[in-house]
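**Q** Okay, here's the prediction I keep looking at, along with the sequence it came from:
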Amino acid sequence: MTTTGGEAGKSTFAEVMKVDVPAGSYAVSASLYGIPDSVAGDELRSLLCQVGSGSEFIRATTTEEAVHAIIALDDVVTLASPGSITVDCLSEGTAAQPFSLFGHSLVAVQVGNVTTTP
């Protein structure tokens, strides 16, 4: 795993973690802890993070009044060719202050066939 950033983007997603993997299916788990760089008054802010590859992502967000954030993401990613699985984060809200991120963890375990039950 490569940690590529310690701060969430303010208007676009910033890559926080990345792991390069061969083609195949992966059970992916990611987690991190965030603290807004500035906390002032009643400013609304939230942290939005996503994990996945290419255009396929699953997302999680905090409440709009976050003074700290714990994000946990789980997904299954299938790649037809070698590629990267990333975690990207964005700071949202009226304050839109960046979040400093800590405790990064990204685990991708290769699995056999993946089937989805409706």
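**A** Thanks, I have the structure now.

**Q** alpha carbons only for contacts and neighbour counts from here, please
**A** Fine.

**Q** Could you check how far residue 48 is from residue 101?
**A** 12 Å (Cα to Cα, to the nearest Å).

**Q** With residue 53 instead?
**A** 21 Å.

**Q** and if you look at residue 110?
**A** 27 Å.

**Q** With residue 77 instead?
**A** 24 Å.

**Q** Residue 84 too?
**A** For residue 84, the distance to residue 101 - Cα to Cα - is 21 Å.

**Q** Show me which of the two is the more surrounded one.
**A** residue 101 (21 against 16; other Cα atoms under 10 Å).

**Q** And the average pLDDT for stretch 60-68 is what?
**A** Mean pLDDT, computed over stretch 60-68, is 66.

**Q** which stretch of helix or strand covers residue 73?
**A** In this structure, residue 73 sits in strand 69-79 according to DSSP states H and E.

**Q** Which elements pack onto that strand?
**A** Secondary-structure packing of strand 69-79 (3 or more Cα pairs under 8 Å, 6 or more residues apart in numbering; DSSP states H and E): strand 24-36, strand 46-53, strand 56-61.
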